[in-house]
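Asks: fold the stuff below for me.
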Amino acid sequence: MSPRHFLTLMDLSSDELKQILNRASELKKIHRDGTLYQPLKNRVLAMIFEKSSTRTRVSFEAGMAQFGGHAIFLSPRDTQLGRGEPIEDSAKVISSMVDAVMIRTFDHSSIETFAKNSSVPVINALTDDFHPCQLLADMQTYQEHRGSIEGKKVVWVGDGNNMCHSYINAAELLNFNLVVACPNGYEPNKSLVDQYAHRVTVVHDAKEAVKAADLIVTDVFASMGQEDEQDKRLNDFQSFQVNNELMSLANQDALFMHCLPAHRGEEVTADVIDHPESVVWDEAENRLHAQKALLEFLLC
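Replies: Sure thing, here's the model as predicted:
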């Protein structure tokens, strides 16, 4: 039987996604209660990182340890992948020795090629096109603080990047309305927007976009690999900073989220991200619990 992969949120049905989100909150309680729960005892996760990471590495590695398993960290310096071995060959070899593979890389087609040649589940821990693991944490966080996100208005402010693409997928699966507010020239993938046009609207005015919003989300203006565009992007995104003025236009109980790391003073002001009622830190912690729920779903 072919393994079940998680390359985008669309690899799950709506019911499966909701199941994982509910399970993530259950696993969070189990962990906080100090209950020993080790469904992946003696199982091994290979973690292939071609992009640097803090939250992704710590959450997956800690999650496997808490589940009684083990995680192997592999950077381009540690493997033949970094020396030109075909992805197909690496996939066949690595998957013959471990129980699952997590990959954080640049080109989304690379992870698709790896998955096609893997005998075990492959998890997308970020590509240039999608970041589905972060969406598990974000949706878990919203659900824990505000209940169901169905029918809510979510506003993405900033670059139409991989996070934005995964929010479009989430809108389809969880039945919420997504407004993407970005400068001209920074829109999300057109084919994705067209495919889910009944869920997503793209505008170029952040202040208009956030009116009556239930959730406002942003990310850095220049992602990894775009550092040479930093100055231009800072100029182009000047009117897309999430600050107290912008938040005041949303619903009174609107939440703010950011996948981190954040550049305070650029895409978000410090008083928003560090607000006493900020859920950004819950959102970051929930990477651990959501990914444990995902691993359990794929491997048990």
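Asks: quick one: the strands in the stretch 51-200 of the chain?
Replies: Along the stretch 51-200 of the chain, the stretches classed as strands by DSSP state E, counting those that start in this stretch are 70-74, 100-104, 122-124, 153-157, 177-181, 200-203.
Asks: which residues does the second one contact?
Replies: Contacts of strand 100-104 with the rest of the structure, by Cβ atoms under 8 Å, 6 or more residues apart in numbering, involve 43-51, 53, 56, 60, 91, 94-95, 110-111, 114, 118, 120-127, 295, 298-299. All C-beta atoms are positioned from the backbone trio N, CA, C, and that covers glycine.
Asks: how close does the residue lying closest to H145 once chain neighbours are set aside sit to R233?
Replies: Counting by Cβ to Cβ, 6 or more residues apart in numbering, H145 lies nearest to V279, which is 5.7 Å off, once chain neighbours are set aside. Distance of V279 to R233, computed by Cβ to Cβ, to the nearest Å: 26 Å.
Asks: repeat that for T54.
Replies: 22 Å.
Asks: cool, and I30?
Replies: Going from I30 to R233 by Cβ to Cβ gives 42 Å.
Asks: which secondary structure elements does the helix or strand encompassing A293 contact?
Replies: Assigned by DSSP states H and E, A293 falls within helix 280-299. Where contact means 3 or more Cβ pairs under 8 Å, 6 or more residues apart in numbering; DSSP states H and E, helix 280-299 is packed against helix 14-32, helix 55-66, strand 100-104, strand 122-124, helix 132-146, strand 255-258.
Asks: angle of the first one against helix 132-146?
Replies: Just to be clear, that refers to helix 14-32. 70 degrees (axes from the mean of the first three to the mean of the last three Cα atoms, to 10 degrees).
Asks: so C300 sits against Q38, correct?
Replies: No. Using Cβ atoms under 8 Å, C300 is not in contact with Q38, being 11.3 Å away.
Asks: do you know the pLDDT at Q80?
Replies: Listed pLDDT for Q80 reads 66.
Asks: which residues are contacting the worst-scoring helix or strand of the chain on mean pLDDT?
Replies: Ranked by mean pLDDT, DSSP states H and E, the helix or strand of the chain with the weakest confidence is helix 230-236, at a mean of 90. Contact with helix 230-236 is made by 159, 183, 185-186, 221-222, 226, 266, as judged by Cβ under 8 Å, 6+ apart.
Asks: on that earlier part again, higher neighbour count, I30 and R233?
Replies: Taking neighbours as other Cβ atoms under 10 Å, I30 and R233 compare with R233 leading, 21 against 15.
Asks: that older thread, can you get me a residue count around the residue nearest to H145?
Replies: 20.
Asks: tell me the contacts of it?
Replies: 141, 145, 255-257.
Asks: try Y196
Replies: Applying Cβ under 8 Å, 6+ apart, the residues contacting Y196 are 168-169, 171-172.
Asks: I'd like those as CSV, with distance to G84 and pLDDT appended.
Replies: Converted to CSV, the contacts of Y196 look like this (distance: Cβ to Cβ, whole Å; pLDDT from 0 to 100):
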residue, distance to G84, pLDDT
I168, 34, 98
N169, 32, 98
A171, 39, 98
E172, 38, 98
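Asks: tabulate the residues you listed (CSV), appending distance to Q195 and neighbour count.
Replies: Supplementary listing: the contacts of Y196 in CSV, determined by distance: Cβ to Cβ, whole Å; neighbours: other Cβ atoms under 10 Å:
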residue, distance to Q195, neighbour count
I168, 8, 23
N169, 10, 23
A171, 11, 22
E172, 9, 17
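Asks: just those residues: which are in helices?
Replies: 168-169, 171-172 (DSSP state H).
Asks: quick check, nearest of those to R199?
Replies: A171 (4.1 Å; Cβ to Cβ).
Asks: do you know how far the closest one is from H131?
Replies: Counting by Cβ to Cβ, the gap from A171 to H131 is 15 Å.
Asks: E112 against I87, yeah?
Replies: No. Judged on Cβ under 8 Å, E112 makes no contact with I87 at a distance of 9.5 Å.
Asks: the more surrounded of those two?
Replies: I87 (21 against 17).
Asks: quick one, what contacts the residue nearest to the more buried one when sequence neighbours are not counted?
Replies: For I87, ignoring the flanking residues on the chain, the nearest one in space by Cβ to Cβ, 6+ apart is T113 at 4.7 Å. In this structure, T113 makes contact with 87-88, 91, judged by Cβ under 8 Å, 6+ apart.
Asks: which among those gets closest to P3?
Replies: Closest to P3, out of all of those and judged by Cβ to Cβ, is A91, at 11.2 Å.
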